[in-house]
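please work out how this folds:
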Amino acid sequence: MNAVNRVLFVASEAYPLIKTGGLADVAGTLPEVLRQGGLDVRLLLPAYADLLQRLESPPEVLAELAFDGHAVRILQCVLPGTSLRTWLVAHPLFSERAGNPYHDDGGNPWSDNADRFMLLSRAAAHISTCDTALQWRPDILHCNDWHTGPAIALAHLAQKRPRTVFTIHNLAHMGIFDRGVFDRLGLPGQFWQEQGLEYYGQCSFIKGGLVFADEITTVSPTYAREICESPGGMGLEGLLSQRRDHLLGILNGIDSRTWDPARDPHLVQTYDAGSLQHKSLNKSALQQQLGLQVREDCPLLGFVGRLVEQKGLELILPVIEQLLDSPAQVVILGTGEARYEEALQALAARRPDVLSVVLAYDETLAHRIEAAADIFLMPSLFEPCGLNQLYSLRYGTLPVVRAVGGLADTVVDATDQALDAGTATGFVFALPQPDDLLHATGRAIAAWHDQPVWRAMQLTAMAQDFSWQRSAERYLELYRSTTE
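Have a look, this model is predicted:
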């Protein structure tokens, strides 16, 4: 067996430098845990303008690379809060544009996204397969999501290449472009086939990883099964089913330093399993902060996430007033589709004492909602892993979830058997119907009113171990097995 020492971990975002979703949390944590486990890990990211502004000091210019008619600078910094060497691909396509890494202020994808993320992929493949001024080549090239799929395909053209791992964080985002873009990017003609990047007459970046990677992972065991069938595979279920022997679901972990109610600097009052009574101080503080009526006699329900169909907005909106009348209060934090934002804002304007809607990305408020809420709503239509339900469990905020993807893998429904066994951690429903969500949430509210049962469930939830350590060990085992 060949030793695994060096890993190049490639992603389009990583917390705390740049974040739009769960990928950033993974890329900002897993590589550092692997490094602490003894691997020489380098994190490769685009040098976005906003990312560069967040650095406390200017990054070091490590090397200048030229490949395929392109030239980039590789900058080096340390990921804040870690000792992880982070390499940044500096090029005007990234470094001279402020704002969201993927789309403009109107929510429209940047017109040159194919060029931008192909450049990131070319840089990753070049570093992985060629002798460069960096004087460092990985044993494992680990790429994440569609933005880096072509890196896997390009690396497989080289005679000497590392072993490759590709992680699917959300198959709904495939990086699809037309044939003209494929031709303009100058990709090898051999990639234009079903066992390549071609996807129903278009070019799919994610297929570069799915077709060519030595090993494919996704972010929960249940999601790994779901994407091998329709509708979860979204047209790629045939390919993924063929590659099932090289497809592994490894549950995401959470950064237990950042998400720790005993030490969380965002909270009005920290607490742990031994001081759960202090959790209510966060509830009253949030009620005051958001203009809700300060009440202890009804539960506070929280939602943090994108306001899109995937996250279950079509289930929430038809029943939210019934939830408010139960009685309960609801806090919603997120941004997304205008139709959902407008509907929620209109309802909050009519019922400001029981519903607060904050249309923003706000890390501090996200932490405060996790600590303040009694119940967390996460009725996703599909959910590769989900992180908010894991944060909720750690904060003693019991989640209501659909039995899909990582939600099914991490939340134990409060059935009579699970309650008797002391394993219940939340409330699970199966069908994507508003009435099913209403019934599951009704069960949660009824349990909240039975404080001995509720407290026992909170303690069980907070005792769960979803740290990255266990997940990192699975990745290390995978790296070693793929080099045998």
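
only C-alpha atoms from now on, for both contacts and neighbour counts.
Noted.

which stretches in the stretch 301-450 of the chain count as helices?
Listed in chain order, the helices of the stretch 301-450 of the chain (DSSP state H, counting those that start in this stretch) span 313-316, 320-324, 338-350, 363-372, 388-394, 405-410, 416-421, 434-448.

if you count contacts, what does the first one end up packed against?
It refers to helix 313-316. If you count contacts as 3 or more C-alpha pairs under 8 Å, 6 or more residues apart in numbering; DSSP states H and E, helix 313-316 packs onto helix 434-448.

buried stuff in the following helix or strand past the helix it packs on?
Moving toward the C-terminus from helix 434-448, the next helix or strand (DSSP states H and E) is helix 451-462. Going by neighbour count (16 or more other C-alpha atoms under 10 Å), the buried part of helix 451-462 is W454, R455, M457, Q458, L459, T460, A461, M462.

turn the helices of the stretch 301-450 of the chain into TSV, including mean neighbour count, mean pLDDT and distance to R137.
Shown next, in TSV, are the helices of the stretch 301-450 of the chain (neighbours: other C-alpha atoms under 10 Å; pLDDT from 0 to 100; distance: least, C-alpha to C-alpha, whole Å):
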stretch	mean neighbour count	mean pLDDT	distance to R137
helix 313-316	19	98	45
helix 320-324	17	98	53
helix 338-350	14	97	45
helix 363-372	22	97	36
helix 388-394	26	97	35
helix 405-410	24	98	34
helix 416-421	12	98	49
helix 434-448	19	98	50
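
determine the set of other helices and strands touching the longest helix seen in the chain.
Taking DSSP state H as the criterion, the chain has its longest helix at helix 113-129. Applying 3+ C-alpha pairs under 8 Å, 6+ apart, one finds that helix 113-129 contacts strand 40-46, strand 60-67, helix 149-155.

can you tell me which of the ones you listed is most buried?
Stretch with highest mean neighbour count among the helices and strands packed on helix 113-129: helix 149-155 (a mean of 29; mean count of other C-alpha atoms under 10 Å).

I'd like the average pLDDT over that helix.
Here helix 149-155 scores 98 as its mean pLDDT.

quick check: what element follows it along the chain?
strand 163-168.

now do that next one against helix 113-129, angle only.
150 degrees (axes from the mean of the first three to the mean of the last three C-alpha atoms, to 10 degrees).

given strand 163-168, what are its sheet partners and their directions?
strand 140-144 (parallel), strand 215-218 (parallel) (DSSP bridges).

which other residues reach that strand?
139-145, 149, 152, 209-210, 213-219, 479, 482-483 (C-alpha atoms under 8 Å, 6 or more residues apart in numbering).

on contacts alone, who are the packing partners of the helix or strand just after it?
Per DSSP H and E, strand 163-168 leads on to strand 176-177 as the next helix or strand towards the C-terminus. Packed against strand 176-177, as judged by 3+ C-alpha pairs under 8 Å, 6+ apart, are the following elements: strand 202-204.

about what we covered before: among the helices and strands packed on helix 113-129, which is nearest R257?
For these, the distance to R257 is smallest for strand 40-46, at 19.9 Å, taking C-alpha to C-alpha.

what are the contacting residues of the closest one?
5-14, 27, 31-32, 34-35, 84-90, 94, 120, 124.

so in that sheet, which strands flank that strand, and in what orientation?
strand 6-10 (parallel), strand 85-90 (parallel).

how far does that strand sit from the chain's center?
18 Å (C-alpha atoms, centre = their mean, to the nearest Å).

can I get the CA coordinates of that strand in PDB?
Below are the C-alpha coordinates for strand 40-46, written out as PDB (Å, rounded to 0.1, in the frame of the first residue of the first chain):
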ATOM      1  CA  ASP A  40       0.100  17.500   4.700                       C
ATOM      2  CA  VAL A  41      -3.000  19.200   3.400                       C
ATOM      3  CA  ARG A  42      -3.300  22.300   1.300                       C
ATOM      4  CA  LEU A  43      -6.700  24.000   0.700                       C
ATOM      5  CA  LEU A  44      -7.000  25.500  -2.800                       C
ATOM      6  CA  LEU A  45      -9.600  28.300  -3.300                       C
ATOM      7  CA  PRO A  46     -10.200  31.100  -5.800                       C
END
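
now the element after it, going C-ward?
Downstream of strand 40-46, the next assigned helix or strand under DSSP H and E is helix 49-54.

so V4, which state does it fall into?
coil (DSSP: H, G, I helix; E, B strand; the rest coil).

please tell me how far A373 sits from P265.
17 Å (C-alpha to C-alpha, to the nearest Å).

that older thread, which of the strands paired with strand 163-168 is buried the deepest?
strand 140-144 (a mean of 27).

pLDDT weak spots in the stretch 1-150 of the chain?
1-2 (pLDDT under 70).

which residues are in contact with the nearest residue to F177 once chain neighbours are set aside?
With C-alpha to C-alpha, 6 or more residues apart in numbering as the criterion, F177 has its nearest non-adjacent residue at 5.1 Å, and that residue is C203. Applying C-alpha under 8 Å, 6+ apart to C203 gives the contacts G175, I176, F177, D178, R179, V181, F182, W192, L197.

number of residues surrounding the closest residue to N252 other than its chain neighbours?
Spatial nearest neighbour of N252, excluding adjacent residues (C-alpha to C-alpha, 6+ apart): V219 at 5.5 Å. Other residues lying near V219 total 25 when counted by other C-alpha atoms under 10 Å.

and the pLDDT at V219?
For V219, pLDDT reads 96.

quick one, what contacts the nearest residue to S356 once chain neighbours are set aside?
Nearest residue to S356 in three dimensions, chain neighbours excluded: V331, at 4.9 Å (C-alpha to C-alpha, 6+ apart). Counting by C-alpha under 8 Å, 6+ apart, V331 touches L300, L301, G302, F303, L355, S356, V357, V358, I369.

farthest pair in the residues you listed?
L300 and V358 (15.3 Å).
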